[in-house]
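*Asks:* This is the structure alone, sequence omitted:
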């Protein structure tokens, strides 16, 4: 989580320091980028199993978006590695689905052609969807994405929850770091929690449990104080839009191209 927060902050700086203003992706309105990515993600997720050429078309559509977005490939690879590591544990269960010809069997475990097809299909869906969403969040700052959600008439309560989560994560990390520094100054060494060769220290586990409990209480109290301060400053439940970007012909062309690609993939390619 800490890595993703650091990467999110770096994406905010990237979005405001982008020098290539003639880039097609940067010339699109933020709500247009958001709509194009979401349309592609929904099309990828709703594609039936085994439609390999359809996903190949969507992957070909993703490549120019990746090129135009000018995202840091190293940062993108780190994000994808973390997310796919957690997704791999879930995807592994689809390998042992029944149906089709049995390729391998050991007791009640078996690998079939149907299981391989489902595993490949779900893996491609997850990879392409995560790739598109990471491109969006790395190339566009979070405040601009929240403003785009307001422009697209999303529920105000949902936008308020997302904005509060984004703003408050930094406060949570600062609280945790302050508690960790205080514990380290009092000779607390978390590296010895599971080091049985040097002798287990049960009191350190108790300290860690107490730290988590205190962290929950402190963050709850601080969150309430922040909310009261926001209300005193005129907060009404929805983020304010500073600049309302309007679409032009390029935005309409981008949405039309995405819709054509989705239509071709769903209807004409099997």
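*Replies:* Sure, I can see it. Please read all numbers here as calculations on a predicted model, not as lab measurements.
*Asks:* How far away from the center of its chain is stretch 34-52?
*Replies:* Offset of stretch 34-52 from its chain centre (C-alpha atoms, centre = their mean, to the nearest Å): 16 Å.
*Asks:* Could you list the buried residues of that stretch?
*Replies:* 34-37, 40-41, 43-44, 47, 51 (16 or more other C-beta atoms under 10 Å). No exception for glycine: its C-beta is placed from N, CA and C like everyone else's.
*Asks:* Now, those that are in strands?
*Replies:* Per DSSP state E, strands hold no members of these.
*Asks:* Now render those residues as JSON lines, adding distance to residue 122.
*Replies:* As requested, the buried residues of stretch 34-52 are exported to JSON lines (distance: C-beta to C-beta, whole Å):
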{"residue": "34", "distance to residue 122": "25"}
{"residue": "35", "distance to residue 122": "25"}
{"residue": "36", "distance to residue 122": "23"}
{"residue": "37", "distance to residue 122": "20"}
{"residue": "40", "distance to residue 122": "17"}
{"residue": "41", "distance to residue 122": "14"}
{"residue": "43", "distance to residue 122": "15"}
{"residue": "44", "distance to residue 122": "11"}
{"residue": "47", "distance to residue 122": "11"}
{"residue": "51", "distance to residue 122": "12"}
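*Asks:* Of these, just say which sits nearest to residue 25.
*Replies:* Residue 25 lies nearest to residue 36 out of the buried residues of stretch 34-52, by C-beta to C-beta, at 9.7 Å.
*Asks:* what sits against the closest one?
*Replies:* Counting by C-beta atoms under 8 Å, 6 or more residues apart in numbering, residue 36 makes contact with 28, 65, 254-255, 258.
*Asks:* Now do residue 264 against residue 43, distance only.
*Replies:* Using C-beta to C-beta, to the nearest Å, one gets 11 Å for the distance from residue 264 to residue 43.
*Asks:* CSV for the contacts of residue 36, including neighbour count, pLDDT and distance to residue 112?
*Replies:* Formatted as CSV, the contacts of residue 36 follow (neighbours: other C-beta atoms under 10 Å; pLDDT from 0 to 100; distance: C-beta to C-beta, whole Å):
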residue, neighbour count, pLDDT, distance to residue 112
28, 23, 88, 44
65, 22, 92, 35
254, 21, 90, 42
255, 16, 90, 41
258, 20, 92, 36
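*Asks:* nearest to residue 141, of the residues you listed?
*Replies:* Nearest to residue 141 among the contacts of residue 36: residue 28, at 14.4 Å, using C-beta to C-beta.
*Asks:* so the closest one touches residue 251, yeah?
*Replies:* Yes. Between residue 28 and residue 251 there is a contact under C-beta atoms under 8 Å: 5.7 Å.
*Asks:* In terms of pLDDT, where does residue 118 sit?
*Replies:* Turning to residue 118, the model gives it a pLDDT of 85.
*Asks:* Quick check: phi and psi on the nearest residue to it once chain neighbours are set aside?
*Replies:* Counting by C-beta to C-beta, 6 or more residues apart in numbering, residue 118 lies nearest to residue 94, which is 4.8 Å off, once chain neighbours are set aside. With angles defined as degrees, to the nearest 10, residue 94 sits at phi -70, psi -10.
*Asks:* OK, contacts around residue 94?
*Replies:* For residue 94, the contacting residues are 115, 118-119, 122, by C-beta under 8 Å, 6+ apart.
*Asks:* the strands in this protein, which residues?
*Replies:* 102-106, 109-112.
*Asks:* quick one on the thing from earlier: which one of the buried residues of stretch 34-52 sits closest to residue 206?
*Replies:* residue 41 (44.6 Å).
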